[in-house]
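A.B. asks: no sequence for this one, just the structure:
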């Protein structure tokens, strides 16, 4: 039991971090960024290149990954989202194509074979004989810190409130003088940063490989759909549902059924409650 | 409509280009151009072709040219690539570095086109069964790596001679990935471990290849109370081995880990791969080489600077195998008469010695000879030996182990070993 | 029906061109056309469902996969003849179409797209886990009966299938039903206000799409001779289908065919110059730029050029 609790908390923290950047764009920009997984991909490979191949300090590696993620997010907004203003389908398709392009670029530069990242913090702690890699613990803690910071930010800063306003009613926000383009660009930047940092942790949890953008995208999709649009709280809860479901399936039922329940959860929730468990109704 | 017109023009141009091919010998490579395994085969073939051309060509001075078709390790792309080589490039001979699934996809095309084809990576026993059942259409196909069944059979002996006799392990828990490869190896190993090695299989845990987190699976393995873990992993293998090290799972683990077969394993895992052992086809990393193969590696390293730094086993297979295919073509008067080429290929036999001993042998099982240990035939499969002292051919596999200092060596069979099987430092 | 004489003239020219092709091109090029034809069929199927009604499916391989796997399992394990297994596969796929329809009755837009993506992932995982003895698990199945041998026969089979499907879907979409389906894509409320049954219209679109997907998937499997989950239920497959339909010109039937030909040949003609992963880099970039430049597709660019020429 204790083992499921610990392993579930660690994994869920990571999943919450992965899903957060995706939720943000979905709530504020109202579009599905299907290239979201490429932030994780780029973040992971950036870290690998600087920290592992060039031997820079690990924190510099994480920092550079965050910078690359932010740049990608901003570039994507300027080059794709803004020109296709308002056309959700077009944005979704373009980002999907972009994801395939980025994947090919990574294969071109780094090859097809997968790589393992050194743990960001090496070592293993034990609680009642249950192994807790420090790296995973850090990932979970960082993810909680980021989520809380984001919550505070959205409520108490000017730009955070503007983001919330745009997410609730873009037209109304624009009318009351909010520069929606600026807010959107900012959100895409943050989303890229979160994705890239999550990518470093995700890759150090598992491995780094060019197809790494699909699995996190599916996790993010699951969390966002079930949690509902525009809810940081919902994202957190659902990341834990998904994470714990995986751990429970692996330990108690059958490890090969690991992903099946997540998919059933997505489909079931969407049919029963089209706006997610914690989401608000669309106008 | 204008579009179709453009296609006509472009398509006709391509058609003309294809028929303008010269009377040279044209070799096609099929495999992934971005994986270490695919590149090993491609480069092995390139080095062999360079040598043959430098020596004046083959079959009365014809030069050999090579075209590559990428499969991206995708089944459908593999079918397209095979068709491209056969019909657009009209190659005479195909050398393959495809993984099992991809080979299975294009095999029906091979049967249709009847192009002499040598597979250097695929080891699936069912393909050998296809050759047994359908001699005619499978005649052009050869596989110069020992079949997976032969690999598993010899691994059981490792269980008896090392795990049981030396380490004193009595029971095992199997962690098998949910693939056909996993199923096949797991089945063979489970059936053999108890009767041959007297090791009890406590539990078989099957996991899905996209598993992110192995912590609950290792917990489950520990709870089974077995003495060691046997892992079977051909896809995403670095994940399970590196999490084993990161989580410092306090049990020994050995088995099949495809990612540990290349010299880049240490860099790719960032050093988090010490203690992992795996069975490997021959020659593998850590495997002492005979002078001929050594020279191949030297030439290879002089020619290529990018990874893989040392070719995987299939690179050696491609190097020696391509030369054998050309020799067979000399005897059969070319590649056109497929039956004649197939018969000549079957007779190829290259024995490489090291220190006066038979070290590596490149040849093929014929249709009738039964392998004495398994009691079955392996037509068109690479020759291998399942019994010490390995004087008929090399063993079907060796077991190698990566040490925690980053060195790697062969631990079994003893005749080929240069280091001993050890437990990782955190296992008491 | 809004039919003009030049429409038929164009169709006759197009079909005649396709059927004369084997006299002009090499076998290798015909092989590429075969894949282009199957991709065209899948893109038409996607276009009927998503291009018209605006219910974007990100999980179209779910439907294709049902058709492909049904006939593969029936012929491989139960020795059902192909003439029987393909119709059964098509029926099974239409059943799958109903499964996709259920969420479409309640949700739309991005949420619907995500459900279809989830359906595809679910299928991908279940195929490998449930009864791997039947489905072949991760490795899939090979050695399935093939309907034709040789490039020319394969070409004629695929081109006939593609032309028949394209022509009948094109005619169907020119009827009042087609117009009503397009109207759903534009404004669902208005359609229901006009007294038409939205549910029935959607059902029709989904079943027609599934019918085409099942037919295409089943013939495709019997052309390839193998089926593997990783090659089928793959986001790259989704990508190729959707991009073919969009680049060609959505909701036109002819557009997806053009798009499929364009993409397949683009990829194939890059092969001699860039055999490796660079090919996808170029291919994806071209697709992205083209799509960003004209989201309504090649056919729109072509008609634009045509109009300008006429005015000269």
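C.D. replies: Okay, I see it. Given the structure is predicted, the values throughout are model-derived calculations rather than measurements.
A.B. asks: what does chain A have sitting close to chain C?
C.D. replies: Within chain A, the positions near chain C by Cβ under 8 Å from any Cβ of the partner chain are A:26, A:31-32, A:80, A:83-84, A:87-90, A:92-94, A:96-98, A:100-101, A:103-105, A:107-108, A:112, A:214, A:218, A:221-222, A:225, A:256-257, A:259-260, A:263-264, A:266-267, A:270-271, A:274. Yep, even glycine has a C-beta here, placed from its N, CA and C like the rest.
A.B. asks: same thing but at 7 Å, please
C.D. replies: By Cβ under 7 Å from any Cβ of the partner chain, the part of chain A that sits against chain C consists of A:32, A:83, A:88-90, A:92-94, A:96-98, A:100-101, A:104-105, A:107-108, A:214, A:218, A:221, A:225, A:256-257, A:259-260, A:263-264, A:266-267, A:270-271, A:274.
A.B. asks: excluding sequence neighbours, find me the nearest residue to residue B:369.
C.D. replies: Of all residues not flanking residue B:369 in the chain, residue B:377 sits nearest, at 6.5 Å (Cβ to Cβ, 6 or more residues apart in numbering or on different chains).
A.B. asks: and that neighbour, that's in a helix?
C.D. replies: No: the assignment for residue B:377, made by DSSP: H, G, I helix; E, B strand; the rest coil, is coil rather than a helix.
A.B. asks: picking up where we left off before, and chain B, which of the residues of chain A next to chain C reach it?
C.D. replies: Among the residues of chain A next to chain C, the residues within reach of chain B (Cβ under 7 Å from any Cβ) are A:107, A:256, A:259.
A.B. asks: and the closest residue to the last one other than its chain neighbours, how many neighbours?
C.D. replies: For residue A:259, the nearest residue in space outside its immediate sequence neighbours is residue C:125; the separation is 5.1 Å by Cβ to Cβ, 6+ apart. Applying the criterion other Cβ atoms under 10 Å in any protein chain shown, we find 23 residues in the vicinity of residue C:125.
A.B. asks: ditto for residue A:59
C.D. replies: By other Cβ under 10 Å, 10 other residues sit near residue A:59.
A.B. asks: give the contact list for it.
C.D. replies: Under the criterion of Cβ atoms under 7 Å, 6 or more residues apart in numbering or on different chains, residue A:59 has no neighbours.
A.B. asks: got it, and residue C:161?
C.D. replies: Contact partners of residue C:161, counting by Cβ under 7 Å, 6+ apart, are C:41, C:219.
A.B. asks: looks to me like residue A:137 is in a strand.
C.D. replies: No: checked against three-state DSSP, residue A:137 lies outside a strand; its state is helix.
A.B. asks: neighbours of it, how many?
C.D. replies: When neighbours are defined as other Cβ under 10 Å, residue A:137 has 18 of them.
A.B. asks: for residue B:32, same thing?
C.D. replies: Close neighbours of residue B:32, defined as other Cβ under 10 Å, add up to 30.
A.B. asks: up against chain A, what does the stretch 251-400 of chain B have?
C.D. replies: Checking the stretch 251-400 of chain B against chain A by Cβ under 7 Å from any Cβ, the hits are B:268-270, B:272, B:307.
A.B. asks: gap between the residue nearest the centre of chain C and residue A:91?
C.D. replies: By Cα atoms, centre = their mean, chain C has its centre lying nearest to residue C:42, at 1.1 Å. For residue C:42, the distance to residue A:91 equals 23 Å [Cβ to Cβ, to the nearest Å].
A.B. asks: and chain B, is the strand or helix carrying residue C:76 touching that?
C.D. replies: Here residue C:76 sits within helix C:60-77, counting by DSSP states H and E. No: counting by Cβ under 7 Å from any Cβ, chain B has no neighbours in helix C:60-77; the shortest distance is 11.2 Å.
A.B. asks: so for that helix, what's the average pLDDT?
C.D. replies: Per-region confidence: helix C:60-77 scores 94 on mean pLDDT.
A.B. asks: got the angle for the helix or strand following that helix vs helix C:60-77?
C.D. replies: Counting by DSSP H and E, the next helix or strand C-terminal to helix C:60-77 is helix C:82-104. On the basis of axes from the mean of the first three to the mean of the last three Cα atoms, to 10 degrees, helix C:82-104 is oriented at 150 degrees to helix C:60-77.
A.B. asks: in helix C:82-104, what counts as buried?
C.D. replies: Residues of helix C:82-104 classed as buried by neighbour count (16 or more other Cβ atoms under 10 Å in any protein chain shown): C:82, C:85-86, C:88-90, C:92-94, C:96-97, C:100-101, C:103-104.
A.B. asks: can you tell me which two in the residues you listed are farthest apart?
C.D. replies: Maximum pairwise distance among the buried residues of helix C:82-104 (Cβ to Cβ): 32.8 Å, between C:82 and C:103.
A.B. asks: for residue B:359, see how far away residue B:291 is.
C.D. replies: Remark: distance between residue B:291 and residue B:359 (Cβ to Cβ) = 9 Å.
A.B. asks: actually, residue B:62.
C.D. replies: 32 Å.
A.B. asks: also residue C:271?
C.D. replies: 40 Å.
A.B. asks: if we can go back for a sec, for the helix holding residue C:76, what is the distance to the chain centroid?
C.D. replies: 15 Å (Cα atoms, centre = their mean, to the nearest Å).
A.B. asks: helices or strands up against it?
C.D. replies: Contacts defined by 3 or more Cβ pairs under 7 Å, 6 or more residues apart in numbering or on different chains; DSSP states H and E place helix C:60-77 against helix C:27-46, helix C:82-104, helix C:109-129, helix C:132-135, helix C:198-224, strand C:226-227, helix C:229-232, helix C:235-248.
A.B. asks: low-confidence bits of the chain, can you list those?
C.D. replies: Went with chain A since none was named. Chain A contains residues with pLDDT under 70 at A:229-230, A:276-283.
A.B. asks: chain B is the one I meant
C.D. replies: Confidence mapping of chain B against pLDDT under 70 gives the ranges B:1-23, B:180-181, B:428.
A.B. asks: apply 50 and report the result again.
C.D. replies: The model of chain B has pLDDT under 50 over residues B:1-22.
A.B. asks: cool, the stretch 201-312 of chain C as well?
C.D. replies: For the stretch 201-312 of chain C, no range has pLDDT under 50.
A.B. asks: so which bits of it are right by chain A?
C.D. replies: C:235-236, C:239, C:242-243, C:246, C:277-278, C:280-281, C:284-285, C:287-288, C:291-292, C:295.
A.B. asks: give me that answer again for 10 Å
C.D. replies: Contacts of the stretch 201-312 of chain C with chain A, taken as Cβ under 10 Å from any Cβ of the partner chain, map to C:234-236, C:238-240, C:242-243, C:245-247, C:250, C:274, C:276-293, C:295.
A.B. asks: those residues: which ones sit near chain B?
C.D. replies: The overlap between those and the neighbours of chain B (Cβ under 10 Å from any Cβ) comes to C:234, C:236, C:274, C:276-280.
A.B. asks: which members of those define the maximum pairwise distance?
C.D. replies: Spanning the widest gap among those are C:234 and C:274, at 21.4 Å by Cβ to Cβ.
A.B. asks: of the two, give the one with the bigger neighbour count.
C.D. replies: residue C:234 (19 against 16).
A.B. asks: quick check: closest non-adjacent residue to that one.
C.D. replies: residue C:61 (6.9 Å).
A.B. asks: that neighbour: how many residues sit nearby?
C.D. replies: Residue C:61: 29 neighbours (other Cβ under 10 Å).
A.B. asks: okay, how far is it across stretch A:103-119, tip to tip?
C.D. replies: One end of stretch A:103-119 to the other measures 24 Å (Cα to Cα, to the nearest Å).
A.B. asks: no, scratch that, I was asking about stretch B:216-231
C.D. replies: In stretch B:216-231, first residue to last residue: 15 Å (Cα to Cα).
A.B. asks: are it and chain A in contact anywhere?
C.D. replies: Yes: contact check for stretch B:216-231 against chain A, using Cβ under 10 Å from any Cβ: residues in range are B:216-220, B:222-223.
A.B. asks: do I have it right that the residue nearest to residue B:369 meets residue B:371?
C.D. replies: Yes: the criterion here is Cβ atoms under 10 Å, and residue B:377 meets it with residue B:371 at 7.2 Å.
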